[in-house]
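>>> no sequence for this one, just the structure:
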Ligand SMILES: Cc1ncc(COP(=O)(O)O)c(C=O)c1O
């Protein structure tokens with residue numbers, strides 16, 4: 001099976017992990033761990049942010065950012081429903097209420113006009129997601145946020161290497177959250193990062209990441225254990241140095257797949273970002289005019305042929321049992337996308353021959 005995504009680890013990562021183990025310095029709690037510091041510095045430079053704070057997952061990055069933004073009981077946070085559950089789940093963990101809005105049919109990203117319409121006196125923040133690696137249209141969202149005094153927390157978990165308006169994703173948001181889960185464009189196994197240009201958030205985030213302790217064992221602000229272990233950061237340093245190469249291969253594979261599928265009428269291929277760059281985390285196509293049953297059959301047939309076609313996200317968050325109480329929601333574009341899209345493998349280990357095989361097999365199935 002050609003998997004939909006796969007971590008690419010080499011001797012460099014293995015040696016880096018072994019050297020941390022030999023050093024005996026496994027945690028960054030005392031700030032003496034050098035791997036976390038090095039990783040933060042390198043990632044901060046990569047995304048051209050003023051600050052970067054490593055944490056132990058993308059979910060932790062979102063949760064901690066919401067806490068840092070002061071989201072709590074009674075606050076509403078505007079989120080898309082067509083995303084991984086962590087985007088909304090962390091709003092609940094912070095004590096807030098997720099308010100789901102619809103997406104644009106071509107990009108699958110949150111609709112800036114829908115964001116504006118959903119604002120109430122209780123809205124505290126908005127969380128655009130760079131879904132599948134395509135940058136969310138953050139400029140109009142930032143403008144609306146400015147007018148209504150809202151905090152923009154960008155879920156950039158899938159956007160390593162993506163650019164908006166010629167700048168790395170995340171740079172326009174107040175806080176941007178990244179994931180290094182095993183399937184991502186670069187990985188630490190599990191892990192995450194928060195980037196920000198705000199001195200104010202940067203003042204508290206390092207303490208909040210570690211129980212809000214400004215002095216050892218004395219908590220002065222809310223926090224928890226969100227720390228990234230040294231071993232993960234050691235893997236992250238090696239992966240980050242390989243990321244430009246990974247991105248190039250993903251981009252070449254995506255380009256080739258588009259050339260080979262361009263004339264297949266039934267498929268809506270991924271949109272090219274205007275003035276930006278896709279991170280090509282996922283190559284997601286829409287089976288135009290289909291229903292869930294037909295889409296699922298095509299995915300099943302592709303999998304029988306050894307192609308790890310996968311559906312992200314079958315059940316939009318507002319339709320999940322835990323989230324029924326925040327509805328009913330009128331999100332027709334989200335629900336249609338959830339029934340019609342599927343993703344094809346383009347990760348760096350997919351060869352040009354495999355890309356041709358994926359394209360030929362998809363065409364044949366649809367003919
Ligand atoms: C859009 C999105 N948000 C949040 C997350 C959560 O990241 P993690 O799995 O590292 O907690 C992920 C990744 O799985 C994601 O894809």
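The structure has been received and is ready for your questions. These numbers were taken from a predicted model, which means no experiment stands behind them.
>>> what packs against the helix or strand where residue 20 lies?
Assigning secondary structure by DSSP states H and E places residue 20 in helix 11-23. Counting contacts by 3 or more C-beta pairs under 8 Å, 6 or more residues apart in numbering; DSSP states H and E, helix 11-23 packs against helix 230-261. Placement of C-beta: from N, CA and C, glycine included.
>>> Those residues of the stretch 51-200 of the chain touching the ligand, which are they?
For the stretch 51-200 of the chain, the contact set with the ligand under C-beta under 6 Å from any ligand atom comprises 57-59, 83-84, 86-87, 129, 155, 157-158, 179, 181, 192.
>>> Go again with 5 Å.
Residues of the stretch 51-200 of the chain that fall close to the ligand, judged by C-beta under 5 Å from any ligand atom: 57, 58, 59, 84, 86, 155, 157, 158, 179, 181.
>>> Helix, strand, or coil at the residue nearest the centre of the chain?
In the chain, the residue lying closest to the centroid (C-alpha atoms, centre = their mean) is residue 157, at 2.1 Å. Following DSSP: H, G, I helix; E, B strand; the rest coil, the label given to residue 157 is coil.
>>> Was I right to think it contacts residue 176?
No: between residue 157 and residue 176 there is no contact under C-beta atoms under 8 Å: 9.7 Å.
>>> thinking again about what came up before, looking at the residues of the stretch 51-200 of the chain next to the ligand, spot the one nearest residue 248.
residue 158 (17.7 Å; C-beta to C-beta).
>>> And the pLDDT at that closest one?
For residue 158, the pLDDT comes out at 98.
>>> ok, and the closest non-adjacent residue to it?
Nearest non-adjacent residue to residue 158, counting by C-beta to C-beta, 6 or more residues apart in numbering: residue 281, 4.1 Å away.
>>> what's in contact with stretch 330-340?
By C-beta atoms under 8 Å, 6 or more residues apart in numbering, the surrounding residues in contact with stretch 330-340 are 80-82, 100-105, 108, 111, 286-288, 290-292, 295, 313-316, 318-319.
>>> what do you get for stretch 253-268?
Contacts for stretch 253-268 (C-beta under 8 Å, 6+ apart): 106, 269-270, 278, 280, 283, 285-290, 344, 346-348, 350, 352, 355-356, 358-360, 362-363, 366.
>>> Now that stretch: buried residues?
For stretch 253-268, the neighbour count (16 or more other C-beta atoms under 10 Å) marks 253, 254, 256, 257, 258, 260, 261, 264, 266, 267, 268 as buried.
>>> mind putting the residues you listed in JSON lines, distance to residue 235 and pLDDT included?
Below are the buried residues of stretch 253-268 laid out as JSON lines (distance: C-beta to C-beta, whole Å; pLDDT from 0 to 100):
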{"residue": "253", "distance to residue 235": "24", "pLDDT": "98"}
{"residue": "254", "distance to residue 235": "25", "pLDDT": "98"}
{"residue": "256", "distance to residue 235": "29", "pLDDT": "98"}
{"residue": "257", "distance to residue 235": "29", "pLDDT": "98"}
{"residue": "258", "distance to residue 235": "32", "pLDDT": "98"}
{"residue": "260", "distance to residue 235": "34", "pLDDT": "98"}
{"residue": "261", "distance to residue 235": "34", "pLDDT": "98"}
{"residue": "264", "distance to residue 235": "39", "pLDDT": "97"}
{"residue": "266", "distance to residue 235": "41", "pLDDT": "97"}
{"residue": "267", "distance to residue 235": "36", "pLDDT": "98"}
{"residue": "268", "distance to residue 235": "36", "pLDDT": "98"}
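>>> how close does the closest residue to the ligand within the chain get to residue 193?
Closest to the ligand within the chain is residue 58: 2.4 Å, counting by C-beta to the nearest ligand atom. Counting by C-beta to C-beta, to the nearest Å, the gap from residue 58 to residue 193 is 8 Å.
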